[in-house]
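In: 3D model of this:
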Amino acid sequence: MLSAVALTAGLTAPAALAGERGDDFGQATLTGWAALPAETFVPGSEPSGAAIGAGPFNGIAAPFADQPVQGFSGVVNRHDGTYDVLSDNGYGAKANSADFLLRVHRVKSDTRTGQVKVLGGFNLTDPDHKVPFPLTRADRTLTGADFDVESIVRSYDGTLWLGDEFGPFLLHFSPTGKLLEAPISLEGVKAPENPFLNGGTPNLGGSKGFEGMARSVDGRYLYPLLEGTVSGDTPGDLRFNQFDLKSGQYTGKRWTYRLESPAHAIGDAIAVDKHRFLVIERDGGQGETAKVKRIYLADTRDRDHDGVMDKTLVADLMNLANPKKLGGFGETFTFPFQTIEDVTLLDDRTLAVLNDNNFPFSSGRTAGKADNNEFITIRLDERLHADPRAFF
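Out: Modelled structure (predicted):
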């Protein structure tokens, strides 16, 4: 529950905030660190990884006797000290992920001990045959060959909305993972993996669909953000669409998020208020080659009238102050992972950020060693002056 102070602060924010002026924030500070070991598996689950080769990959041989708990590509704060985290499609491609079961895990992070615990979770399923195209499994448990889920939002009615990259589709699930309606397409946009392509030409790169998705603070809209540029758009420009949960349709409104470089990608997006959103932007590097891992405050009001969302840098994840040397790291902490795909608000100056470890392929923390799933909290140099509803 928000304190009276937080509520008052959100409602009485000054007219000209740092983010609204376009001024970058100062250096953010690491306030918590914890990690889930790379080789963490769902107990008693099915074998997985048969199509990725024998490896070893960063010292880990395949296939696996159980389903790995990996690839955190979306996060929902449950406000009870636990989080629902979404695993992505498994092993990075439609062709090698048919034996990976799409799943939401419930985790608890203890930054005092540096441990992340998996408390349980549920698989995503389609028992009511809402998907109109063939699925991988006869039991209609969804797999990484069916969808590449990369973003998750909990609506005010408790149901879950997921953003997929293969369509791209919006997917609506019950709180326990049952698909509630047919996948919802984005008109005029098709990825190469789209099952309705029918020999047509895709106009979006492979797995470049809905990487990030925000829920409006009033709960009325979803804002799915593409990871890739649609053919014909300016390279590096990403479409930020508005979907009306009340009508179940796209409104036709959209904005443009411009990457700092067309070679970059986004990792996640969440709402701060009616107009402002936090967006993770990253390069494709890891370890020593990781240079750009940032969180921007993006504003749909386009105050400089250049046709794209205004951007304010609020946190450079490659340059976090760490005065307490948390996690055994030095006074400057870096988050040098290839894919950083999760951000959520904890309070008006504190964010939780998680990486997608691409198990077993990524090795950004230590060369030659499979990355853990890390969970960090960071304190921003300035307040966001967020709408109080953004915390729910």
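In: model confidence over stretch 157-177, on average?
Out: For stretch 157-177, mean pLDDT rounds to 98.
In: Buried residues, that stretch. List them.
Out: 160-173, 177 (16 or more other C-beta atoms under 10 Å). No exception for glycine: its C-beta is placed from N, CA and C like everyone else's.
In: Among those residues, which ones are in strands?
Out: With strands defined by DSSP state E, the entries of these inside them are 160, 161, 162, 163, 164, 169, 170, 171, 172, 173.
In: Would you check which pair of the residues you listed lies furthest apart?
Out: Pairwise distances across these (C-beta to C-beta) peak at 13.9 Å, for the pair 160 and 169.
In: Could you report the neighbour count for the nearest residue to residue 208 once chain neighbours are set aside?
Out: Distances taken as C-beta to C-beta, 6 or more residues apart in numbering place residue 228 nearest to residue 208, at 2.6 Å, with adjacent residues excluded. Counted by other C-beta atoms under 10 Å, the residues lying close to residue 228 total 25.
In: Begin at 30 from now on, thanks
Out: Yes, from this point I'll number from 30; that puts the last item at residue 257.
In: does residue 257 belong to a helix or a strand, and which?
Out: Assigned by DSSP states H and E, residue 257 belongs to no helix or strand.
In: got it, and residue 324?
Out: Using DSSP H and E, residue 324 sits within strand 322-328.
In: Do a quick rundown of the helices in the chain.
Out: 33-40, 47-50 (DSSP state H).
In: ranking the ones you listed by mean pLDDT, which is last?
Out: helix 33-40 (a mean of 36).
In: quick revisit: may I ask which two of the buried residues of stretch 186-206 are separated the most?
Out: Longest distance between any two of the buried residues of stretch 186-206 is 19.9 Å, between 197 and 206; criterion C-beta to C-beta.
In: thinking again about what came up before, in JSON lines: the ones in strands among the buried residues of stretch 186-206, plus distance to residue 392.
Out: Formatted as JSON lines, these follow (distance: C-beta to C-beta, whole Å):
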{"residue": "189", "distance to residue 392": "31"}
{"residue": "190", "distance to residue 392": "32"}
{"residue": "191", "distance to residue 392": "28"}
{"residue": "192", "distance to residue 392": "27"}
{"residue": "193", "distance to residue 392": "27"}
{"residue": "198", "distance to residue 392": "31"}
{"residue": "199", "distance to residue 392": "33"}
{"residue": "200", "distance to residue 392": "31"}
{"residue": "201", "distance to residue 392": "36"}
{"residue": "202", "distance to residue 392": "32"}
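In: Show me what residue 405 is bridged to.
Out: residue 62, residue 382 (DSSP bridges).
In: mind checking pLDDT for it?
Out: Looking at residue 405, the pLDDT reads 98.
In: Can you get me a residue count around it?
Out: Residue 405: 24 surrounding residues under other C-beta under 10 Å.
In: Check residue 259 too.
Out: Neighbours around residue 259, by other C-beta under 10 Å: 18.
In: cool, residue 333 as well?
Out: Residue 333: 10 surrounding residues under other C-beta under 10 Å.
In: Give me the mean pLDDT for the strand holding residue 324.
Out: Here the average pLDDT along strand 322-328 is 98.
In: same check, this time on stretch 161-177
Out: For stretch 161-177, the mean confidence score works out to 98.
In: buried residues in it?
Out: Across stretch 161-177, burial judged by 16+ other C-beta under 10 Å covers 164, 165, 169, 170, 171, 172, 173, 174, 175, 176, 177.
In: Could you count how many residues lie near residue 85?
Out: Neighbours of residue 85 using other C-beta under 10 Å come to 11.
In: I should have written residue 224 there, sorry.
Out: Number of residues near residue 224 (other C-beta under 10 Å) recorded here: 15.
In: what's the answer for residue 122, then?
Out: Counted by other C-beta under 10 Å, the residues lying close to residue 122 total 16.
In: Against residue 194, how distant is it?
Out: Taking C-beta to C-beta, to the nearest Å as the measure, residue 122 falls 11 Å from residue 194.
In: overlap in contacts of the two?
Out: Common contact partners of residue 122 and residue 194 (C-beta atoms under 8 Å, 6 or more residues apart in numbering): residue 236.
In: Could you measure from the residue nearest to residue 392 when sequence neighbours are not counted over to residue 387?
Out: Excluding the flanking residues, the one nearest residue 392 by C-beta to C-beta, 6+ apart is residue 87, at 5.0 Å. Taking C-beta to C-beta as the measure, residue 87 falls 10 Å from residue 387.
In: Equivalent analysis for residue 171, please.
Out: Separation of residue 171 from residue 387 (C-beta to C-beta): 20 Å.
In: Tell me the pLDDT of residue 31.
Out: So residue 31 comes in at 37 (pLDDT).
In: same thing with residue 94?
Out: On the pLDDT scale, residue 94 gets 97.
In: Near it, how many other residues are there?
Out: 10.
In: which ones are touching it?
Out: Neighbouring residues of residue 94 by C-beta under 8 Å, 6+ apart: 70, 76.
In: Now it. Its backbone dihedrals?
Out: Phi and psi for residue 94, reported as degrees, to the nearest 10, are phi -70, psi -20.
In: in the stretch 130-279 of the chain, which spans are strands?
Out: Counting by DSSP state E, counting those that start in this stretch, the stretch 130-279 of the chain has strands at residues 132-139, 144-152, 178-183, 189-193, 198-202, 213-214, 239-244, 250-255, 266-273, 278-287.
In: Of these, which is nearest residue 415?
Out: Comparing those by C-beta to C-beta, strand 239-244 comes nearest, at 12.4 Å.
In: Now do the closest one against strand 178-183, angle only.
Out: Between strand 239-244 and strand 178-183, the angle comes out at 10 degrees (axes from the mean of the first three to the mean of the last three C-alpha atoms, to 10 degrees).
In: Which strands or helices does strand 239-244 pack on?
Out: Applying 3 or more C-beta pairs under 8 Å, 6 or more residues apart in numbering; DSSP states H and E, we find strand 239-244 packed against strand 178-183, strand 189-193, strand 250-255, strand 294-300, strand 305-311.
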